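Engineer: Here you go, sequence then predicted model.
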Amino acid sequence: MVGTMPDTYSSKMRRIVKDQLIGFEDKKGKVVIEPQFHQAERFEKKICVVGIYQSSVSSTDGGETLSECLYGVIDKKGNWIVPCKYMRRWDDVRNSFVYEEANGTSGFYVEKGRLNQR
């Protein structure tokens, strides 16, 4: 979702990367949300979808293979709006990602900067 190159600003915030974790800074260069996420979309208005890997498996060559990323939504201060417990899948009807619990009972999607429950 973001590489090591500088990101562009979206809703006056941009993603930063430190030690392979993603955080956010404002236009003044002040770190607003410390790097703590493994994946992060850009902010849409006042919200952002972020992901944290829940488990890891070491590979035979000594590297680390990360798996099972769960997603949630934060505000511009890093407060959780939606807890980080949802899996991501592609929805062909919406032509975007949707996020849902493993049992499929609840979830959400973000459209035009608005959080929508499923």
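Structural biologist: In hand now; what should we look at? Residues are numbered from 1 along each chain as shown.
Engineer: Please identify the pairing partners of the host helix or strand of residue 88 and their relative orientation?
Structural biologist: Using DSSP states H and E, residue 88 maps to strand 80-91. Next to strand 80-91 in the sheet, as set by DSSP bridges, lie strand 64-75 (antiparallel), strand 96-100 (antiparallel).
Engineer: Can you give me the buried ones in the shortest one?
Structural biologist: The reference is to strand 96-100. Residues 98, 99, 100 are the ones in strand 96-100 that count as buried (16 or more other CB atoms under 10 Å). All C-beta atoms are positioned from the backbone trio N, CA, C, and that covers glycine.
Engineer: Can you list the helices and strands that whichever helix or strand comes after it packs against?
Structural biologist: Next helix or strand after strand 96-100 toward the C-terminus (DSSP H and E): strand 107-111. With contacts defined as 3 or more CB pairs under 8 Å, 6 or more residues apart in numbering; DSSP states H and E, the packing partners of strand 107-111 are strand 80-91, strand 96-100, strand 114-117.
Engineer: Return the angle between stretch directions for strand 107-111 and strand 96-100.
Structural biologist: Interaxial angle of strand 107-111 relative to strand 96-100 (axes from the mean of the first three to the mean of the last three CA atoms, to 10 degrees): 150 degrees.
Engineer: Strand 107-111: partners in the sheet, and parallel or antiparallel?
Structural biologist: Applying DSSP bridges, strand 107-111 is found paired with strand 96-100 (antiparallel), strand 114-117 (antiparallel).
Engineer: OK, contacts around the residue nearest to residue 102 when sequence neighbours are not counted?
Structural biologist: Distances taken as CB to CB, 6 or more residues apart in numbering place residue 87 nearest to residue 102, at 5.9 Å, with adjacent residues excluded. Counting by CB atoms under 8 Å, 6 or more residues apart in numbering, residue 87 touches 70, 71, 99, 100, 101, 102.
Engineer: Point to the residue nearest the middle of this structure.
Structural biologist: Among the residues of the chain, the one closest to the centroid is residue 50, at 1.5 Å (CA atoms, centre = their mean).
Engineer: I'd like the distance between it and residue 92.
Structural biologist: Residue 50 sits 24 Å away from residue 92, taking CB to CB, to the nearest Å as the criterion.
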